[in-house]
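Asks: build me a model from this:
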Amino acid sequence: MSERRVVVTGLGAVTPIGNDVQTMWDSLLAGKSGIDFVTKVNKDEFPAKVAAEVKDFDPTLYMEKKDARKMDPFTQFAVAASKMALQDAKLEVTDEIAHRVGVWIGSGIGGMQTYEEQFRKLIDKGPKRVSPFFVPMMIPDMAAGQVSIQTGAKGINSCSVTACASGANSIGDAYKAVQRGDVDYIIAGGAEAPITNMSFAGFSAMKALSFSEDPKTASRPFDKNRDGFVMGEGSGILILETLETALERGAHIYAEIVGYGATGDAYHITAPAEHGEGAARAMQHALRDAGLNPEDVDYINAHGTSTDLNDKFETEAIKTIFGEHAKKLAVSSTKSMTGHLLGAAGGVEAVIAVKSIEDSVVPPTINYETPDPDCDLDYVPNKPRKQEVNVVVSNSLGFGGHNVALIFKKYQ
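Replies: Residues are numbered from 1 along each chain as shown. Next up, the predicted model:
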């Protein structure tokens with residue numbers, strides 16, 4: 001049996017630069033940053049002062065208030081983005097197709113806000129005051145679980161938890177589920193709401209976060225003066241389905257997903273492997289899966305966290321795989337504007353990759369001012385670039401040595 005072609009027919013997003021796809025996309029092309037002084041924790045208590053928070057999000061636009069109260073914010077973001085994506089795809093989950101509609105949504109750390117609130121209750125008021133909803137609100141798979149409940153999707157229901165690669169792994173795993181015939185449609189992506197005292201303290205203690213006190217320039221991927229990532233939150237969701245079903249129902253096809261590569265570094269709990277060896281192999285596997293050559297790629301949406309080692313080694317990995325073509329590639333990090341959405345990053349960046357194909361434009365890396373000799377590629381500095389975009393690689397890398405590359409291609 002030949003492998004089925006899989007296309008993207010719907011997009012949804014909740015992000016620090018817009019609570020829908022179009023607003024987010026317009027912000028990216030305007031070079032608008034969603035980063036500001038953090039409000040969800042007391043910034044005076046932390047060495048890191050800035051974050052990329054979702055603003056003015058109203059969950060009751062997408063779900064009943066009583067249901068929202070039983071969801072951590074990361075799950076609320078996922079439900080909202082999933083319903084947007086289904087609406088965009090004009091896909092109704094009817095009884096007839098429900099068992100052929102899957103959900104695969106990843107989260108790196110799940111319901112941290114719920115965990116902290118309930119832990120305080122345990123310490124202050126004793127175990128009898130801990131909510132019966134504590135566990136089902138906290139566990140990372142509950143975004144996928146609630147999206148299934150809220151939409152009626154009864155096919156495969158899963159969650160890939162691979163730190164900052166969770167959203168990308170979930171999309172790749174979902175793609176393979178459709179390709180091999182487990183389901184015909186799948187709601188896939190990532191969700192995260194990590195801006196809490198414990199998370200902020202933990203990432204600060206690791207010195208992973210930027211300690212810059214200038215919100216607008218704190219995230220500066222590939223710039224010589226980068227000093228750490230800026231924590232963000234939100235969700236990015238794609239509707240993937242077979243080409244056959246998309247054509248049958250006259251769906252708008254944004255792009256085709258054609259490649260998925262996933263590798264492990266076997267190296268270190270937080271640092272990437274030397275020279276980006278694992279990331280290079282992920283891109284190599286994805287190209288092989290897609291049946292493409294390196295010179296076929298037009299744009300790489302980089303993991304580009306604005307940390308010293310990530311940006312240096314990701315650049316090396318790109319040069320390893322793409323050789324001379326690396327100098328001709330457009331490479332940008334949209335984390336310069338969205339911040340780093342951890343487990344949701346791969347989901348949001350997949351949406352961005354697809355939009356770049358749809359609109360023939362590459363979003364910029366903002367705050368790129370001082371070149372770094374170790375980062376010497378074309379990072380589309382500060383302004384978007386109109387160009388033909390036929391093939392995009394989207395990279396995601398996670399603590400624990402997880403590396404993922406997804407490849408999207410213009411549908412023909």
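Asks: what residue ranges in the protein score low on pLDDT?
Replies: Within the chain, the ranges that satisfy pLDDT under 70 run 1.
Asks: wait, isn't F37 in contact with A52?
Replies: No. If you go by CB atoms under 8 Å, F37 and A52 don't touch, sitting 11.2 Å apart. For every residue, glycine as well, the C-beta is placed using N, CA and C.
Asks: between the two, which has more neighbouring residues?
Replies: More crowded of F37 and A52, by other CB atoms under 10 Å: A52, with 29 against 11.
Asks: now do the contacts for the more buried one.
Replies: Counting by CB atoms under 8 Å, 6 or more residues apart in numbering, A52 makes contact with 16-17, 33-36, 219, 230-233, 338-341.
Asks: do the same with D311
Replies: D311 makes contact with P221, F222, R226, G304, T305, S333, D372, D374, C375, according to CB under 8 Å, 6+ apart.
Asks: any chance of the residues you listed in a markdown table with secondary structure and distance to A286 as columns?
Replies: Formatted as a markdown table, the contacts of D311 follow (DSSP: H, G, I helix; E, B strand; the rest coil; distance: CB to CB, whole Å):
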| residue | secondary structure | distance to A286 |
| --- | --- | --- |
| P221 | coil | 21 |
| F222 | coil | 21 |
| R226 | coil | 26 |
| G304 | coil | 17 |
| T305 | coil | 20 |
| S333 | coil | 18 |
| D372 | strand | 26 |
| D374 | coil | 24 |
| C375 | strand | 22 |
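Asks: are any of these buried, and which?
Replies: Taking 16 or more other CB atoms under 10 Å as the criterion, what is buried in the contacts of D311 is P221, F222, R226, G304, T305, S333, D372, C375.
Asks: what's the closest non-adjacent residue to the second one?
Replies: Okay, so that is F222. C375 (4.2 Å; CB to CB, 6 or more residues apart in numbering).
Asks: what does the fifth one give?
Replies: Leaving out its chain neighbours, the residue that sits closest to T305 by CB to CB, 6+ apart is F229, at 4.4 Å.
Asks: picking up where we left off before, between the contacts of A52, which sits nearest T23?
Replies: Among the contacts of A52, I17 lies closest to T23 (CB to CB), at 7.4 Å.
Asks: what's the burial count for the closest one?
Replies: Using other CB under 10 Å: I17 sits among 26 other residues.
Asks: is it true that it touches K32?
Replies: Yes. In this structure, I17 is within contact of K32 by CB under 8 Å, at 5.9 Å.
Asks: what sits in contact with each of these two?
Replies: Common neighbours of I17 and K32, using CB under 8 Å, 6+ apart, are M337.
Asks: could you pull out the strands for the stretch 1-150 of the chain?
Replies: Under the criterion DSSP state E, counting those that start in this stretch, the stretch 1-150 of the chain carries strands at the ranges 6-14, 36-37, 50-51, 101-106.
Asks: the longest one packs against which elements?
Replies: This points to strand 6-14. Here strand 6-14 touches helix 21-29, helix 73-89, helix 166-179, strand 234-242, helix 243-248, strand 255-264, helix 345-359, going by 3 or more CB pairs under 8 Å, 6 or more residues apart in numbering; DSSP states H and E.
Asks: of these, which is nearest L209?
Replies: Smallest distance to L209 across these (CB to CB): 14.9 Å, for helix 345-359.
Asks: off-centre distance for the helix or strand following the closest one?
Replies: Downstream of helix 345-359, the first helix or strand assigned by DSSP states H and E is strand 361-362. Centre-to-centre, strand 361-362 and its host chain are 18 Å apart (CA atoms, centre = their mean, to the nearest Å).
Asks: which elements pack onto strand 361-362?
Replies: strand 385-386.
Asks: per-domain residue ranges of the protein.
Replies: Structurally, the chain divides into domains by automatic domain parsing as follows: 6-248, 260-409.
Asks: in CSV: these, plus distance to Y254.
Replies: Converted to CSV, those look like this (distance: least, CB to CB, whole Å):
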stretch, distance to Y254
domain 6-248, 4
domain 260-409, 5
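Asks: ok, back up a step: the residue nearest to T305 reaches H340, doesn't it?
Replies: Yes. Contact criterion CB under 8 Å: F229 and H340 qualify, at 4.3 Å.
Asks: which one of these two is surrounded by more residues?
Replies: More crowded of F229 and H340, by other CB under 10 Å: H340, with 31 against 26.
Asks: quick one, phi psi at that one?
Replies: Per-residue torsions, H340: phi -100, psi 110 (degrees, to the nearest 10).
Asks: which residues touch it?
Replies: Going by CB under 8 Å, 6+ apart, H340 touches A52, C164, S219, F229, V230, M231, G232, T305, S306.
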